[in-house]
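Participant: Here is a sequence together with a model predicted from it:
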2 protein chains.
Amino acid sequence: MTSTKERILNTSLALFNREGERNVTTNHIAEALGISPGNLYYHFRNKGTIVAALFERYSQNLLALLEAPQGPLTWTIKTHYFEGLLASMWQYRFFHRDLTHFLHADPALAARYQAFVEVVLERGLVIYGELRSSGIIAVDDEQLQGLMVNTWVLMSSWAALVHGLRPDAAADEALDESLMRHGIYQIICLEEPFLRGEAREHLEEMKARYRAVDTTSALLLGHVPGLDRTGSE
Amino acid sequence: MTSTKERILNTSLALFNREGERNVTTNHIAEALGISPGNLYYHFRNKGTIVAALFERYSQNLLALLEAPQGPLTWTIKTHYFEGLLASMWQYRFFHRDLTHFLHADPALAARYQAFVEVVLERGLVIYGELRSSGIIAVDDEQLQGLMVNTWVLMSSWAALVHGLRPDAAADEALDESLMRHGIYQIICLEEPFLRGEAREHLEEMKARYRAVDTTSALLLGHVPGLDRTGSE
DNA sequence: TGACTCCTAGAGTAATTACTCTAAAAATCA
DNA sequence: TGATTTTTAGAGTAATTACTCTAGGAGTCA
């Protein structure tokens, strides 16, 4: 039996992801839960604290994943690992979508977020470093940093990007899944030129695994059948 | 003498970029211009049409740049070219920042945006294709597409990303400039492994050109001096 | 001068929305 | 059981904000 506080967070998250935080009012959240606004405000001082609490869950979630001991690291394992990361980020996708507004509205949150990103990048560098030590990727330090930053850009923007191009996706779970896989595929594209040894062998297999298989997810390149541009000028 | 309509667009753009569209009210725009709200609504039916008009300017701007005939394409020229693109996008950075909300609120705009991205990607593929024909980059078709998508992700997300990590940047023109150069640098990192011939020769020179030179723009990796994390829990 | 159109002012409104307040149910504890 | 604390309801409010409406200036053309 989850507490009211938890239930508020869960519904808020669902609504935020689906509608965008801006379009979800506190009254709306309360209504969706079947509780009163007053009750909601008993548990959360204001809307911002809900967002902040969700960020806390998100960042803890992600950092925990990043801290997890890896054992010997292969590229295949690493890619599955990234899949988990992206899935976590996808769960809280509203956050990166409206990020700028949240940070603008709450300086304390901005500071937390900054620190969070720093840790993520540090930890990411360690992981890529291990891949390099294992001879799986061949990069110099500079390339490693460039790769890391680009990976983070991709991961943190992917959900928003997808949502911008396929607003309908929010409604369709299967589509979500497929679009997330495309995200992984793009990360593989990022790394591909640096891959060596074991990774090179598995490259095609992995690409095939994450490539947009069904026509529905040809989102960015390729013209999606059955989704003609609606509306016009 | 610019018309009132133009002036409204210009001030709106400036305010949107600085404060975020969500934090800029129509009254606020009118006040900044020294005109009455009524006057503003004489020229624009509602706030959304201002955003839509700005998108029109933005997309025309970018598409014009993309259509411009190139002549023989070298990697150096192409990079300067991308610098121009990114500068244009930077000018209208509020748009990609609050993109999801705009598209959610205005389906017609969403359709326009979708078509816009398609053209951008097509044209981008042509450019990369020319680079390949000239022997400047060595990629197969699949890699080309992957590269293109990643370039677009980077370009369209960079402003928002930077803004999230350095909210103060909006106030500082010199910093803006420096952060934008970092964006180009990241694109170079994206392309680096594929570069051949002329491009390889100029690689270090170009990297040095766009690398974060001053300490202030070590934004993502590297700990910014003089910008200690403010606030905490 | 007068008529007509374009532009502007600014007070005002309707609706939204984050948030408050009081009081009562429910749970906990003596 | 009664006392105390936690949780809930729900009506209500203050503030914001996108937008309207009327009336009047300013330019243009006869």
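Facilitator: Okay, I see it.

Participant: How about the residue nearest the centre of chain A: what's its closest non-neighbour residue?
Facilitator: For chain A, A:M89 is the residue whose C-alpha lies nearest the centre (Cα atoms, centre = their mean; 2.6 Å). Using Cβ to Cβ, 6 or more residues apart in numbering or on different chains and skipping the chain neighbours, the partner closest in space to A:M89 is A:M155 (6.1 Å). Where you see a C-beta, it was placed from the backbone N, CA and C, and this is true even at glycine.

Participant: got a pLDDT number for that neighbour?
Facilitator: The score at A:M155 is 97. That number is its pLDDT.

Participant: Surely it is in contact with A:Q186?
Facilitator: No. Using Cβ atoms under 8 Å, A:M155 is not in contact with A:Q186; the gap is 9.4 Å.

Participant: any shared contact partners between the two?
Facilitator: Overlap between the contact sets of A:M155 and A:Q186, as judged by Cβ atoms under 8 Å, 6 or more residues apart in numbering or on different chains, is nil.

Participant: List the residues that contact A:N23.
Facilitator: Contacts of A:N23 (Cβ under 8 Å, 6+ apart): B:101, B:104.

Participant: per-residue pLDDT, the residue of chain A found nearest DNA strand D?
Facilitator: Closest residue of chain A to DNA strand D, Cβ to the nearest atom of the strand: A:G38 (1.6 Å). If you check A:G38, the pLDDT there is 97.

Participant: so it is in which element?
Facilitator: helix A:37-43 (DSSP states H and E).

Participant: Could you list the buried residues of that helix?
Facilitator: Within helix A:37-43, the residues that qualify as buried are A:40, A:43, counting by 16 or more other Cβ atoms under 10 Å in any protein chain shown.

Participant: same thing with stretch A:76-88?
Facilitator: Buried residues in stretch A:76-88 (16+ other Cβ under 10 Å): A:76, A:78-79, A:81-83, A:85-86.

Participant: so, in contact with chain B or not, the helix or strand hosting A:F102?
Facilitator: In this assignment (DSSP H and E), A:F102 forms part of helix A:99-105. Yes. Helix A:99-105 lies within reach of chain B by Cβ under 8 Å from any Cβ of the partner chain, at A:99-101, A:103-104.

Participant: Redo the residues you listed as JSON lines? Include pLDDT and neighbour count.
Facilitator: Below are the residues of helix A:99-105 next to chain B laid out as JSON lines (pLDDT from 0 to 100; neighbours: other Cβ atoms under 10 Å in any protein chain shown):
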{"residue": "A:L99", "pLDDT": "95", "neighbour count": "23"}
{"residue": "A:T100", "pLDDT": "92", "neighbour count": "22"}
{"residue": "A:H101", "pLDDT": "94", "neighbour count": "19"}
{"residue": "A:L103", "pLDDT": "95", "neighbour count": "21"}
{"residue": "A:H104", "pLDDT": "93", "neighbour count": "18"}
